[in-house]
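Chemist: below is the sequence, then the predicted model.
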Amino acid sequence: MPVSWIRRPEIMARAFETFTEDAYEGAIDVADQVAEDAEKWMKANAPWQDRTFAARRTLFTQVVIDDQRRLVTIRFGHGVPYGIFLELARGGKFGIISKAIDLFGPQFMRDVAHGPFPYKYNG
């Protein structure tokens, strides 16, 4: 018995490619906005007492895009050599990066999973 296609396979393949590309571009857009919001939040909420403001000023986020693997990553970091001390000393008392990941990570994943909807930070 022959197969009767409702939609030809090549049309479905093209639709899937378009959907995949749109989802990837949407994830990049969400990552850009989340990274910007997370960096502002870290700088505003870092729990340490500033002396030179260098640690607070050089907190950063960076969106890393791997087109070959279709991978979008948000990188969080310090721009000072003693940033690792701030994150880990006294049981993480002065850490801000893990708190930012805990706050913004779930929002990022939800927004990417729900498709091309505008990102909104509710915090």
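Modeler: Perfect, thanks for sending it. Residues are numbered from 1 along each chain as shown.

Chemist: residue ranges with poor pLDDT in the chain?
Modeler: Within the chain, the ranges that satisfy pLDDT under 70 run 115-123.

Chemist: for it, which segments count as strands?
Modeler: 60-66, 71-77 (DSSP state E).

Chemist: dump the residue contacts of residue 93.
Modeler: residue 47 (CB atoms under 8 Å, 6 or more residues apart in numbering). Backbone N, C-alpha and C define where each C-beta goes, glycine included.

Chemist: list the buried residues of the top helix by length along the chain.
Modeler: Longest helix in the chain by number of residues (criterion: DSSP state H): helix 9-45. Residues 24, 26-27, 29-35, 37-39, 41-43 are the ones in helix 9-45 that count as buried (16 or more other CB atoms under 10 Å).

Chemist: contacting residues around the nearest residue to residue 84 once chain neighbours are set aside?
Modeler: Distance criterion CB to CB, 6 or more residues apart in numbering; nearest residue to residue 84, sequence neighbours excluded, is residue 78 at 7.2 Å. Contact analysis of residue 78 by CB under 8 Å, 6+ apart lists 55, 58-60, 84, 86-87, 97.

Chemist: cutoff 10 Å now
Modeler: By CB atoms under 10 Å, 6 or more residues apart in numbering, the residues touching residue 78 are 42, 46, 54-56, 58-60, 84-87, 96-97.

Chemist: cool, and residue 65?
Modeler: With CB under 10 Å, 6+ apart, residue 65 has these contacts: 24, 27-28, 31-32, 71-73.

Chemist: over to residue 34?
Modeler: By CB under 10 Å, 6+ apart, the contact set of residue 34 is 61, 63, 74, 100, 104-105, 107-109, 111-112, 119, 121.

Chemist: could you do residue 7 as well?
Modeler: residue 15 are the contacts of residue 7 under CB under 10 Å, 6+ apart.

Chemist: same check, this time on residue 92
Modeler: Taking CB under 10 Å, 6+ apart as the test, what residue 92 contacts is 47, 86, 98-99.
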